[in-house]
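**Student:** Provided below for reference: sequence and predicted model.
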Amino acid sequence: MQRLSSTTGLPDTVRQPRFDRTKLKPGIVHIGIGAFHRAHQAVFTQRALEAEFGPWGIIAVNLRSPEPVEALAAQEGLYSTTTRSEAGDQSEVIGATVDWICAANDRAYVLSALADPAIRVVTLTVSEKAYGLDPVTGGLDHAHQAVAADLKTPNAPVGVLGFLVEALALRRAAGLPPYTVLCCDNLPSNGKVVRRLVLEMAQLRDPTLADWIAEKGRFPSSMVDRIVPAATDATRLRAGRLLGAQDALAIDTEPFLQWVIEDDFVSGHPAWEAGGAIFTDDVEPYEKMKLRLLNGTHTLLAHLGILANLDYIRDVMAVPDLAAKARLHMEEVVSTLDPVPGIELGGYIDDLLARFSNPTIDHRNLQIAQDTTQKLPQRILAPAVDVLAKGETAVATAYAVGVWMASVKKRGDCDDPRRSEVIAAAASMDAMDLSGSFFSIPGLFPPGLRAARDWRDRVNAAILSFWDSGAASPR
Ligand code: CS2
């Protein structure tokens, strides 16, 4: 089978870019070419270009792995998404990407792209752990590998912050305005967080650079949502059948798609609203809702699935007792949310349960369980603190935390930047206080929760509920 390219004769059933790709000029640099970006920002940009054509092509940058970059090169920047539901599969070729660079192989090219006057927006999906965010101070973690490297040799960046700051310095020196930095990772107030980290890093190399960025730069927050499992051979085989061509970058995704963006840009943005994006002054209520209801429940379901030896989220949702836990979790956490414009939270919860149950989406529990230490604070611990602050009993959040600990204990392993500490905590569980070793991991739990004896007893009870009496670890 031939490789997908601009000369592939595609079947009529495949939706194709409805704009002239040969005329598309770059205006965006996107960092982090994972599955999520390919099914989210790139799709919104395709819709924007279809509605209002302009110089908003995407230069796709991957910081480390060259694989997606090589695949984009082999396919002239084209790839497909397969939107899957019980109604059937819809394939679409996405053509918003105009160039591709692996930063680890070509740092100079990435910097010159970022410093190009044509680039007005830099979007980011690099995952929570890539930023070097210190969970205790909310500032820069100087011990983070990429942060430490970029503080030492700022002109030869390796991490996302290092690239952003070095390229901003180049733009300032060239008399250019900064680009808008649009964070699309699942962090609360993600724009504010990235602004603070960029300013801290800039301050350490040149306070006048930090002042310039603080005055002229823009870091809108955004809430992004679409369930996009990591691609597998099955994904690529399916895409091959639908396209009649081989697509090494194919991804499956659900029909749902949402992007809420703070309307605060240095020099414009594509007409993303054409794809349904909402521009607003205040993204925080949307972010909080999504992180706590969708992502928090996802983390719970993933670890419940691991404990029940189930592969996918949809398998967990197919077990009525486990699906009921998801609803209970959301029903408790919803009390910590502010009203969200245009969204009725009861309906939002019902929709989430339906999305999690989509039988055509193979979303691995192990994928969502990755990096749980980076996810717990905003997804589960923050709502726990809020429920306790109201003088109520935070039952569901304690349960979710206990489920995570039991799941790590059962696997004896995890894929997490704090892996060694987490595994050591699981290995040294003390029967008198099963969660105690986890609560001793520095900076992971807020002091208020560490001190909440009743809440911690509930965490212990949750862990214990997965044990058969006398066994050394969960069943
Ligand atoms: C998931 C998210 O992997 C995870 O932690 O909870 O990737 C989730 O699928 C997306 O945020 C949905 O928008």
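**Tutor:** Noted; the coordinates are in hand.
**Student:** Strands of the stretch 201-350 of the chain, start to end?
**Tutor:** 222-225, 251-253, 258-262, 278-280 (DSSP state E, counting those that start in this stretch).
**Student:** Now do the second one: which elements does it pack against?
**Tutor:** Pointing back at strand 251-253 there. helix 35-39, strand 79-85, helix 233-243 (3 or more Cβ pairs under 8 Å, 6 or more residues apart in numbering; DSSP states H and E). C-beta coordinates here come from the backbone N, C-alpha and C atoms, glycine included.
**Student:** what mean pLDDT does that strand have?
**Tutor:** Averaging pLDDT along strand 251-253 gives 98.
**Student:** mind starting the numbering at 34 from now?
**Tutor:** OK, 34 is where the count begins now, so the last one is strand 284-286.
**Student:** Does the ligand have contacts with it?
**Tutor:** No: using Cβ under 6 Å from any ligand atom, strand 284-286 stays clear of the ligand, coming no nearer than 10.0 Å.
**Student:** Outside of that strand itself, list whatever touches it.
**Tutor:** Residues outside strand 284-286 that contact it (Cβ atoms under 8 Å, 6 or more residues apart in numbering) are 68, 71-72, 112-117, 259-262, 264, 268, 271, 393-395.
**Student:** What of stretch 179-196?
**Tutor:** With contacts defined as Cβ under 8 Å, 6+ apart, stretch 179-196 is touched by 64-65, 96, 136-137, 140, 143-144, 147, 157, 159, 163-165, 173-175, 177-178, 198-199, 202, 230-231, 234, 237-238.
**Student:** Where does the stretch 34-183 of the chain get nearest to the ligand, which residue?
**Tutor:** Nearest residue of the stretch 34-183 of the chain to the ligand: residue 69, at 6.6 Å (Cβ to the nearest ligand atom).
**Student:** swap that for the stretch 384-508 of the chain, please
**Tutor:** For the stretch 384-508 of the chain, Cβ to the nearest ligand atom, closest residue to the ligand: residue 401, 4.1 Å.
**Student:** is it true that that residue lies in a helix?
**Tutor:** Yes: Residue 401 forms part of a helix when assessed by DSSP: H, G, I helix; E, B strand; the rest coil.
**Student:** Around the nearest residue to residue 444 once chain neighbours are set aside, count how many other residues there are.
**Tutor:** Distances taken as Cβ to Cβ, 6 or more residues apart in numbering put residue 339 closest to residue 444, at 6.3 Å, once the chain neighbours are dropped. Using other Cβ atoms under 10 Å, the number of residues around residue 339 comes to 24.
**Student:** In this structure residue 339 contacts residue 398, no?
**Tutor:** Yes: using Cβ atoms under 8 Å, residue 339 is in contact with residue 398, at 5.4 Å.
**Student:** send the alpha carbons of stretch 93-100 over as PDB?
**Tutor:** In PDB, the C-alpha atoms belonging to stretch 93-100 read as follows (Å, rounded to 0.1, in the frame of the first residue of the first chain):
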ATOM      1  CA  ALA A  93       5.100  21.000  14.300                       C
ATOM      2  CA  VAL A  94       8.000  20.600  16.700                       C
ATOM      3  CA  ASN A  95       8.800  17.600  18.800                       C
ATOM      4  CA  LEU A  96      11.300  18.100  21.600                       C
ATOM      5  CA  ARG A  97      12.900  14.700  21.800                       C
ATOM      6  CA  SER A  98      11.500  11.800  19.600                       C
ATOM      7  CA  PRO A  99      12.200  12.200  15.900                       C
ATOM      8  CA  GLU A 100       9.600   9.600  14.900                       C
END
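**Student:** Tell me the buried residues in that stretch?
**Tutor:** By neighbour count on 16 or more other Cβ atoms under 10 Å, the buried set for stretch 93-100 is 93, 94, 95, 96, 99.
**Student:** any idea how far the last one is from residue 314?
**Tutor:** Distance of residue 99 to residue 314, given as Cβ to Cβ, to the nearest Å: 40 Å.
**Student:** quick one, what contacts residue 150?
**Tutor:** By Cβ under 8 Å, 6+ apart, the contact set of residue 150 is 207, 209.
**Student:** For it, give me phi and psi.
**Tutor:** phi -60, psi -20 (degrees, to the nearest 10).
**Student:** Counting only helices, which of the contacts of stretch 179-196 make the cut?
**Tutor:** Residues of the contacts of stretch 179-196 located in helices (DSSP state H): 140, 143-144, 147, 178, 198-199, 202, 230-231, 234, 237-238.
**Student:** Narrow those to just the buried residues.
**Tutor:** Buried members of the ones in helices among the contacts of stretch 179-196, scored by 16+ other Cβ under 10 Å, are 140, 143, 144, 147, 198, 199, 202, 230, 231, 234, 237.
**Student:** pLDDT at the residue nearest to residue 483 when sequence neighbours are not counted, what is it?
**Tutor:** Nearest non-adjacent residue to residue 483, counting by Cβ to Cβ, 6+ apart: residue 472, 5.4 Å away. Looking at residue 472, its pLDDT stands at 98.
**Student:** ok, now residue 500?
**Tutor:** Residue 500 is assigned a predicted lDDT (pLDDT) of 86.
**Student:** Could you list which residues are in contact with the residue in the stretch 134-283 of the chain positioned nearest to the ligand?
**Tutor:** At 3.9 Å from the ligand, residue 258 is the closest residue in the stretch 134-283 of the chain, using Cβ to the nearest ligand atom. By Cβ under 8 Å, 6+ apart, the contact list for residue 258 reads 289, 290, 291, 292, 323, 327.
**Student:** what are the bridge partners for it, then?
**Tutor:** Listed beta-bridge partners, residue 258: residue 291 (assigned using DSSP bridges).
**Student:** coming back round to it: out of the contacts of residue 258, flag the one nearest to the ligand.
**Tutor:** Nearest to the ligand among the contacts of residue 258, with distances taken as Cβ to the nearest ligand atom, is residue 327, at 5.9 Å.
**Student:** just checking, that closest one touches residue 386?
**Tutor:** No: if you go by Cβ under 8 Å, residue 327 and residue 386 don't touch, sitting 10.5 Å apart.
**Student:** Looking at the two now, which is surrounded by more residues?
**Tutor:** residue 327 (22 against 14).
**Student:** circling back to that earlier point, okay, now the residue of the stretch 34-183 of the chain closest to the ligand: neighbour count?
**Tutor:** Count around residue 69 with other Cβ under 10 Å applied: 23.
**Student:** what's the answer for the one 5 residues further on, then?
**Tutor:** Counted with other Cβ under 10 Å, the burial measure for residue 74 works out to 29 neighbours.
**Student:** so what's the residue nearest to it when sequence neighbours are not counted up against?
**Tutor:** For residue 74, ignoring the flanking residues on the chain, the nearest one in space by Cβ to Cβ, 6+ apart is residue 156 at 5.3 Å. Taking Cβ under 8 Å, 6+ apart, we find residue 156 in contact with 61, 62, 63, 64, 70, 74, 215, 217.
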